[in-house]
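**Q** coords please:
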Amino acid sequence: MEGFLIAARFVHFTTAILLTGVFAFERFVADPTFRQCSTAPASAPGLCRRLGWLAWTSLALAVGSGAVWLVVVAAGMSGEPLGAALLQGAVPIVLTRTQFGEDWLLRLAMAVLLGFCLLGRGRRRWRVSGAIGWTALFLAAAMLASLAWAGHGAATPSPAGDLHLAADFLHLLAAGLWLGTLPPFALLLTEARRIGDANWAAVARRATRRYSALAVASVTVLLVGGLVNTWFLAGNVPALVGTEYGRLLLAKIGIFIAMFIVAAVNLLRLSPRLATAADGIGNVVWRTVARLRRNALTEGALGLGVLAIVGGLGTLPPGLHTEPGWPFPFRLDVSFLTPGSQILLAILALTLGICAIAAVATAAAAGHYRRAAGFCAGLTLCLIVGWFPLRPAVAPTYPTSFYAPTEPYAAPSVFRGGALYAENCALCHGATGRGDGPAAGSQPIRPADLTAPHLFAHSPGDLFWWIGRGMDEGVMPRFADELNPNQRWDVINFIRARAAGALAGEMGPEVSTTEAPGVPDFAFEAGGAQQTLRQMLETGPVLLLLFGRPVPIARLQQLAATQPRLIDAGLRVLAVGLDASAAELSESTRAPLSVVDVSSEVTFSLALFRATEDGGATELLLDRGGDVRARWTSNMPGGLAPPGSRITAAERVSRISVSAPSHGGHPH
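**A** Modelled structure (predicted):
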């Protein structure tokens, strides 16, 4: 079934691009060229006949492949074989009740109108023929652009989805104006070489110049649209090299680069040679025309490879929505480098790119091989010099290093992870995670301290690999058989929450702007309504008060009295009693509504962020990302200062930038 879908997509995209290319070539290249030369279009019946045959064939194949695509999609939605899907009426349901079906009907209507335009093509009256040609170009371009609704761009949420969809439109249209015009251009050069007179030499020269301008504009738009699409669908290195979608996309980019090099030869080498060749030097003119034709056919063949990959890409989930399996034993982490080294590497990377482009332009395009050798030497020198500052950024990596947790960093996961940790990990790492468990002394290497700051130097995917596969030399056994993937993520969330609590315990009242520990999300009930910490953080920083018994009644009353002032300053207050429910506190102490009711899972998770010797209460100032930026306890010098003094700290925290969620969505 998938093979039918890929084949149908490939044929449909190819023929839609060819249709646009035929009419665009006639409007922007052939007709203006014939009007400027003494040769009339009527003197090229062979060219007109072949272009018409190409348009009719493309239209027929577009309709046929579209029908196959529709049937395969209907069968996939119904879960039945192709024959059963047709007999059970799945196709009408897809046509009338899905976005894909509505788009398919729209393309069919435009295909029918294109057929009428082809029937009226070539009328003797130029005005009528020109109007039909422009109408046909508009319909073909609209038919091609409408394929964007069948791609991933239509599924990207707004407002980013609008940009992604617009990039898809431009990318498809640019493909039609470049790839689609290559076969008609090759046909014109074939006709010019077949006739071989001075008039057709002038036609070939002017057509090449006009086609080159159209190709340059199209390739520019194609590059911009491709960059936007790549950003949305595989916008990082792991997604590019670690997923099937990303690897296919890299193959597409590689073929595009080969096409670009061939096009550069045509633009910078052959087109100027044809433009400057005298009409009397026939051998030079027609040899150049033959090479231009051969290169155009080569570009077209490479373009078919690109479209074959496009047919497969549409059936795969985007790279950013797939867990990337990192294929290399190392990665480059520039965060380990000093700012000076990062600046040097940026300069070297820019120089390297310039040398690479210049080497291609001077060798493949212009034929200046000595200059190209010099640029290649510069490229090699950049690679050698760049290696020395880059070495500290080389870090060991595992296949799962770039996995994203499938369990959210939230109290329920932390609670489940705590129980799993006690059952499977505490024997070696200890109940507190400091590597002092009962079996630690019998290990060849002391178990790691899981509360140390170095834990955050490893990605969650690294921890996932170690827990599942173990570590070398018998240091740590594998737990893939005992813990399923979700349970491993629960353990990781617990370990990271406990390490974050230990790191927060070392913080003081000064606002930190560096990497900060994060508090897990949790749900609470206040005033009869349920809310989460993340929802509250959307409005600004939060002052989280964690307390036990004896209840700090005076502090709670202070917070209640100044709460309107704090809210006006953009600071929300959230108080959680870790030893009693909000209902019990309200009955016994008449605590204000800022004291919320939480579950035992939440109290377990938040207890990791409160030291037992805090004097009764701990206050954590959280930024909009949930990271701890400042900490106060009752037994600190100065204690818990008046609530109004938190406003200055909150204003500073509100200016700290918070990392936005991935533009590409989340892994599935």
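
**Q** quick check: F185 vs L297, distance?
**A** Going from F185 to L297 by CB to CB, to the nearest Å gives 10 Å. (C-beta placed from N, C-alpha, C; glycine too.)

**Q** please enumerate the strands of the stretch 551-668 of the chain.
**A** In the stretch 551-668 of the chain, the strands defined using DSSP state E, counting those that start in this stretch lie at 572-577, 595-596, 617-622, 628-633.

**Q** export those strands to CSV and tack on mean neighbour count and distance to W104?
**A** Output for these, formatted as CSV (neighbours: other CB atoms under 10 Å; distance: least, CB to CB, whole Å):
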stretch, mean neighbour count, distance to W104
strand 572-577, 22, 50
strand 595-596, 24, 52
strand 617-622, 24, 50
strand 628-633, 23, 53
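
**Q** state the distance from R205 to L274.
**A** Distance of R205 to L274, computed by CB to CB: 6 Å.

**Q** equivalent analysis for A630, please.
**A** From A630 to L274 the distance is 71 Å (CB to CB).

**Q** wouldn't I255 be in contact with A308 here?
**A** No: using CB atoms under 8 Å, I255 makes no contact with A308, being 9.5 Å away.

**Q** what ranges do the strands span in this structure?
**A** All strands of the chain, identified by DSSP state E, fall at 330-332, 394-396, 523-526, 529-532, 542-547, 572-577, 595-596, 617-622, 628-633.

**Q** next, the angle strand 542-547 makes with the last one.
**A** The one in question is strand 628-633. 30 degrees (axes from the mean of the first three to the mean of the last three CA atoms, to 10 degrees).

**Q** how far does strand 628-633 sit from the chain's center?
**A** Put simply, strand 628-633 sits 36 Å off its chain's centre (CA atoms, centre = their mean, to the nearest Å).

**Q** pairing partners for it, with directions?
**A** Using DSSP bridges, the strands paired with strand 628-633 in its sheet are strand 617-622 (antiparallel).

**Q** what of the second one?
**A** The strands that strand 394-396 pairs with in its sheet are strand 330-332 (antiparallel) (by DSSP bridges).

**Q** what sits against the closest residue in space to P183 that isn't next to it in sequence?
**A** Closest residue to P183 apart from its sequence neighbours, by CB to CB, 6 or more residues apart in numbering: G300 at 5.8 Å. By CB atoms under 8 Å, 6 or more residues apart in numbering, G300 lies in contact with 179, 182-183, 186.

**Q** distance of L559 from F100?
**A** Using CB to CB, L559 is found at 55 Å from F100.

**Q** again, but for F25
**A** F25 is 30 Å from F100, by CB to CB.

**Q** equivalent analysis for R646, please.
**A** Distance of R646 to F100, computed by CB to CB: 54 Å.

**Q** these two: which has the busier surroundings?
**A** The residue with more neighbours, out of R646 and F100, is R646; 25 against 18, by other CB atoms under 10 Å.

**Q** which one's more surrounded, F185 and L297?
**A** For F185 versus L297, the count of surrounding residues by other CB under 10 Å is larger for F185: 27 against 17.

**Q** re earlier: export the contacts of G300 as a markdown table, with columns for distance to P318 and pLDDT.
**A** Shown next, in a markdown table, are the contacts of G300 (distance: CB to CB, whole Å; pLDDT from 0 to 100):
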| residue | distance to P318 | pLDDT |
| --- | --- | --- |
| L179 | 23 | 93 |
| L182 | 29 | 95 |
| P183 | 31 | 95 |
| A186 | 34 | 94 |
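
**Q** closest to L249 out of the residues you listed?
**A** Nearest to L249 among those: L179, at 17.3 Å, using CB to CB.

**Q** neighbours around the closest one, how many?
**A** 26.

**Q** and what of G305?
**A** Neighbours around G305, by other CB under 10 Å: 16.

**Q** from N236, how far off is it?
**A** Distance, G305 to N236, using CB to CB: 25 Å.

**Q** cool, and I255?
**A** 22 Å.

**Q** more neighbours: these two, which one.
**A** Taking neighbours as other CB under 10 Å, I255 and N236 compare with I255 leading, 19 against 16.

**Q** and the pLDDT for that one?
**A** Looking at I255, its pLDDT reads 94.

**Q** right, and P184 touches D31 too?
**A** No: counting by CB under 8 Å, P184 does not reach D31; the two are 11.8 Å apart.

**Q** more neighbours: those two, which one.
**A** Counting neighbours by other CB under 10 Å for P184 and for D31 shows that P184 has the greater number, 26 against 16.

**Q** can you tell me, leaving aside adjacent residues, what's nearest to the more buried one?
**A** F25 (3.8 Å).

**Q** quick one: buried residues of stretch 254-264?
**A** Neighbour-count burial for stretch 254-264, with 16 or more other CB atoms under 10 Å as criterion, is recorded at 255-256, 259-264.

**Q** longest helix of the protein?
**A** When the chain is scanned for its longest helix (criterion: DSSP state H), the result is helix 198-234.

**Q** remind me what that helix packs against, helices and strands.
**A** With contacts taken as 3 or more CB pairs under 8 Å, 6 or more residues apart in numbering; DSSP states H and E, helix 198-234 sits against helix 31-36, helix 160-178, helix 182-195, helix 244-265, helix 271-276, helix 282-313.

**Q** off-centre distance for it?
**A** Relative to the centre of its chain, helix 198-234 is centred 26 Å away, using CA atoms, centre = their mean.

**Q** now stretch 257-264
**A** The answer for stretch 257-264 is 25 Å, by CA atoms, centre = their mean.

**Q** using PDB, write down the CA coordinates of that stretch.
**A** Taking Å, rounded to 0.1, in the frame of the first residue of the first chain, the C-alpha atoms of stretch 257-264 are listed here in PDB:
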ATOM      1  CA  ILE A 257      23.400  20.700  -4.700                       C
ATOM      2  CA  ALA A 258      24.400  18.500  -7.700                       C
ATOM      3  CA  MET A 259      21.700  20.200  -9.700                       C
ATOM      4  CA  PHE A 260      22.800  23.600  -8.500                       C
ATOM      5  CA  ILE A 261      26.400  22.900  -9.700                       C
ATOM      6  CA  VAL A 262      25.200  21.800 -13.200                       C
ATOM      7  CA  ALA A 263      23.000  24.900 -13.300                       C
ATOM      8  CA  ALA A 264      26.000  27.100 -12.300                       C
END
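
**Q** dump the residue contacts of the residue nearest to E244 when sequence neighbours are not counted.
**A** Distances taken as CB to CB, 6+ apart put L316 closest to E244, at 6.0 Å, once the chain neighbours are dropped. Neighbour list for L316: 244-245, 248 [criterion: CB under 8 Å, 6+ apart].
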